[in-house]
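**Student:** A predicted structure for the sequence below; I have some questions about it.
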Amino acid sequence: MASIDLVDRSGAQSAGEGWFRFAPGIRGEGTAARRAWQPAYVRRMVLLDVLCAAVAAAVGYVLWFDWAETGRPDPPLWIAVFLPLVWLPALLIARTYEKRFLWVGVEEYRRVLAAVVVLLAAVGTATLALDVELTRGFVVVALPLVAVLTLAQRLAHRHWLHRQRRKGRYQQTTLLVGHGRAVAALDEQLNRATDRGYRVIGCCLPADQQSPVFDAFNGLPVLGGIDDVAEVVLRFEVDTVAVLPSQELDGHTLRSLGWQLEDTNAELLVAPAITDVVGPRVHIRPVAGLPLLHMERPELTGLRRFTKSCVDRTAALVGLLLLAPVLIGIALAVRTTSAGPVLFRQQRIGHCGVPFTMLKFRSMVPGAHNLVQELAPENDGNGVLFKKKDDPRVTRVGKFLRRYSLDELPQLINVVRGDMSLVGPRPPLGTEVELYGVDMRRRFLVKPGLTGLWQVSGRSDLSWDDSVRIDVRYVENWSLAYDFMILWKTVGAVLRGSGAY
C-alpha cells in the first residue's frame, strides 16, 4: 500500500502514517483480507439454516396430526428428513446467500419468505402429481416454523455482526466522491452508522474545491480529484467507492468510472440526488432504454390514513386498560412526593398546524417554565430545544419517569382523542414552529406521535439538523410496517434510557 501525505481527523499532518492512524486496524491489509470474514459468515448461516430446518421437522414430526382422519399410524420417519433436504435448495433458489442481499436491508428476509412460498407450492404440486401422501398436519406445523426459526437466526446473526462492527471489526474502507458539502454530510452519517461497516478513509473532490495549502476537507483527507478515483482505489486498495451527485460526474463519466473499477475489487455505490426516500416509494423502471428512478407520492390520505387512525385509537385504548394499575401507581407517586398537579398540560402543534393540549405526568416542580430563562446559558439542547441533562427543576420521581419515558404514558389519551398517533414526529412547541423552515413544516402532514424515529435515534442527544432530517424521513416514508418497526425499536430505546433527560 503506497504512502502519501495525509491529514488525520485531529488535523495533525504527517507523512504516510497519518492515513493509518485515521483508519486503525487495517494497515497492511488488502480488500481480500478485509473481506475474508464473509465466506465464514455465509457458511455459518448455511449450517444454522439446516439446523433450523431439522428442528422444525422434528417438532412437526412430534406434533403430527391429520385434520381429515383420526386413528392413523405414526408418520414415516422419512418425513422428518425431508424438510432439511429440501430447505437448503429452496434458499439457494431464492438467492438468500448472495452477499448483495446480506447484512443490510430487508431483502434477505423477503427472500426467505419467498423460499417458504416456493417450497409450499412445490410440495403441494409434487404430492398431487406423484400421488404421494404427505400429511397436512406436518406441513402446517413444520413450514411456518422453519420460516420463523430461519428469520430469527438470520436476524440474530446480523445483530451479532452489527455489534462487531461497532467495535471496529469487519469494516470496509470507503472513498467518497463528489462535492464537498455532500461528501461532508455523507461522512457524518456513515460515522454515526458504524454498524453498517463503512470506514471512510478520504474523499475525491472537484479541482475547484481543492486547496493548494491544505490536503484535508472538513477533517477528511483529500486523496485526489474526480479524475483520480481509479488511481486512488488502486493505491489504497479501497473496498467501496460512494459517488454523490455532481455536475462533474455525468452519465458518461460515471459509466467510465464503473468500467475502470471493473479491474479492481472495489464496489461502486451511487447515491441518488433525492435522499431520505426509501422503501416502496422508489422504483427503477426502464424508459426509452434508460433505467430511470421513479419516486411515488407519499401516501398520506385515504384508506391508509383511516387504517392508521383505527389502529392507533384501538391500540391506545387497549393500552390504557392494560396499564391502568401502572398509571394509577405513577399518579400516586407524583402526587405524594411533590406539590402540584399530577398531569402536566402543554400546548403543542399537531396535524395541519392545529394546536392541541398534550398530557404528561408532571416530572418537574410547579412553575418550572418560569426558570427557563435563568437556565438558558446552561442549555444542553440542540440550539432550538431547551434541554439540560441535570435539570434542577426535575423531581426525584420525575428523573425515573423521564429516563424510561413513563411520563409520556398519558399521551395515550391524546391518541384516543385523535390529537396524536402512536408513531409520528415529535409534537413541537409553538416557539419551535416559529423557527421552522419549509422542510420542517412537512411534519404537519401527519399527526405527532407518542414515539417515533426521534425516540429510537437518540432523543434529546440529536442535533437540530438531525431532528429535521429524521422527521422529514418519517413523513416521506410512512407505512404501517414502518410504524410497527419503530414501535419494536422503541422498547429497546426506552429500556436503555439513552438520550432521555
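**Tutor:** Nice, I can see it.
**Student:** make it CA atoms for all contacts and neighbour counts henceforth
**Tutor:** Noted.
**Student:** okay, and the beta partners of the nearest residue to residue 395 once chain neighbours are set aside?
**Tutor:** Nearest non-adjacent residue to residue 395, counting by CA to CA, 6 or more residues apart in numbering: residue 364, 5.2 Å away. For residue 364, the beta-bridge partners are residue 394 (DSSP bridges).
**Student:** surely residue 364 meets residue 398?
**Tutor:** Yes. Here residue 364 reaches residue 398: they are 6.3 Å apart, a contact under CA atoms under 8 Å.
**Student:** shared neighbours, these two?
**Tutor:** Residues touching both residue 364 and residue 398 by CA atoms under 8 Å, 6 or more residues apart in numbering: none at all.
**Student:** just give the nearest non-adjacent residue to residue 494, would you?
**Tutor:** The shortest distance from residue 494 to any non-neighbouring residue, by CA to CA, 6+ apart, is to residue 404 (5.2 Å).
**Student:** count the residues that sit near that neighbour.
**Tutor:** By other CA atoms under 10 Å, the residues close to residue 404 number 18.
**Student:** how near is it to residue 491?
**Tutor:** According to CA to CA, to the nearest Å, residue 404 and residue 491 sit 10 Å apart.
**Student:** over to residue 221?
**Tutor:** Remark: distance between residue 221 and residue 491 (CA to CA) = 39 Å.
**Student:** repeat that for residue 364.
**Tutor:** For residue 364, the distance to residue 491 - CA to CA - is 24 Å.
**Student:** compare the two (neighbour count), which wins?
**Tutor:** Between residue 364 and residue 491, residue 364 has the larger neighbour count (other CA under 10 Å), namely 22 against 13.
**Student:** and the helices in the stretch 301-450 of the chain?
**Tutor:** 303-322, 324-337, 372-375, 396-403, 411-417, 430-433 (DSSP state H, counting those that start in this stretch).
**Student:** so for the fifth one, mean pLDDT?
**Tutor:** The predicted model gives helix 411-417 an average pLDDT of 94.
**Student:** counting by contacts, list what it packs against.
**Tutor:** helix 303-322, strand 355-361, strand 421-423, strand 449-451 (3 or more CA pairs under 8 Å, 6 or more residues apart in numbering; DSSP states H and E).
**Student:** ok, residues contacting that helix?
**Tutor:** With CA under 8 Å, 6+ apart as the criterion, helix 411-417 contacts 312-314, 316-317, 319-320, 358-360, 420-422, 450.
**Student:** circling back to that earlier point, could you export the helices and strands packed on helix 411-417 as JSON lines, including mean pLDDT and distance to residue 486?
**Tutor:** Formatted as JSON lines, the helices and strands packed on helix 411-417 follow (pLDDT from 0 to 100; distance: least, CA to CA, whole Å):
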{"stretch": "helix 303-322", "mean pLDDT": "90", "distance to residue 486": "14"}
{"stretch": "strand 355-361", "mean pLDDT": "93", "distance to residue 486": "21"}
{"stretch": "strand 421-423", "mean pLDDT": "92", "distance to residue 486": "7"}
{"stretch": "strand 449-451", "mean pLDDT": "90", "distance to residue 486": "8"}
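**Student:** out of the ones you listed, deepest packed?
**Tutor:** Stretch with highest mean neighbour count among these: strand 421-423 (a mean of 27; mean count of other CA atoms under 10 Å).
**Student:** please consider this matter closed, and thank you.
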